[in-house]
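Just the structure for this:
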Amino acid sequence: MVRKEMSSDYILVGKVVSGLQKASYFTQLDWVQDQCLEKFGFKPYPGTLNVEIEPESIPIIEALQKQEGACLIPPNPDFCAAKTLPVCINSVAGAIIIPAEDVRIHGTHIVEIIAPAMLKTTLDIKDGDKVKIVVKGGNTGEKP
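Numbers count the residues shown, from 1 in each chain. Purely as a prediction, here's the structure:
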């Protein structure tokens, strides 16, 4: 389900799924921690929350992935850059992480969310639970 919440925000609904346990390394890198603090006002919890977006939301996700966002730029070219989009998930602020396409391990139907705390614990959610994600400032030019 995709709904516009305000003129520039989009609501995405999906279910929590397990990830590949690779994001904790990335989110603990000093440069990632520092840039998230600078851009979002928090250092991310080690890891991400993976959400499988409902099929009718995929065109919006694909459009959002093409938008400009705050970029996490590595100091070393051995690491990939990642685009981020600010979100609120069940009232907790965070950001969707969109890695460079050549290293993206999930299809467009899975989004990874960083936040200052472990979202599963903070929101008392588990795999299979539905969550609402509000993408802040989403301006895809598409009608929901």
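
what's near enough to touch S18?
Contacts for S18 were tallied using Cβ atoms under 8 Å, 6 or more residues apart in numbering; they are N50, D127. C-betas here are computed from N, CA, C, even on glycine.

what do you get for G128?
Residues near G128 by Cβ under 8 Å, 6+ apart: K15, V16, V17.

can you do 6 Å?
The contact partners of G128, taken as Cβ atoms under 6 Å, 6 or more residues apart in numbering, are K15.

So it: helix, strand or coil?
The three-state assignment at G128 reads coil, by DSSP: H, G, I helix; E, B strand; the rest coil.

Could you measure from it over to P116?
24 Å (Cβ to Cβ, to the nearest Å).

again with S24
For S24, the distance to P116 - Cβ to Cβ - is 15 Å.

who's more crowded, these two?
Taking other Cβ atoms under 10 Å, S24 and P116 do not tie; P116 has more neighbours (17 against 13).

I believe that one is in a helix; please confirm or correct that.
No. According to three-state DSSP, P116 belongs to no helix; its state is coil.

got a list of contacts for stretch 71-79?
Looking at what lies outside stretch 71-79 - Cβ under 6 Å, 6+ apart - the contacts are W31, V32, Q35, A81, A82, K83.

Run the chain-centre distance for the strand or helix carrying the last one.
It refers to K83. Assigned by DSSP states H and E, K83 belongs to strand 82-89. Distance, stretch centre to chain centre, for strand 82-89: 5 Å (Cα atoms, centre = their mean, to the nearest Å).
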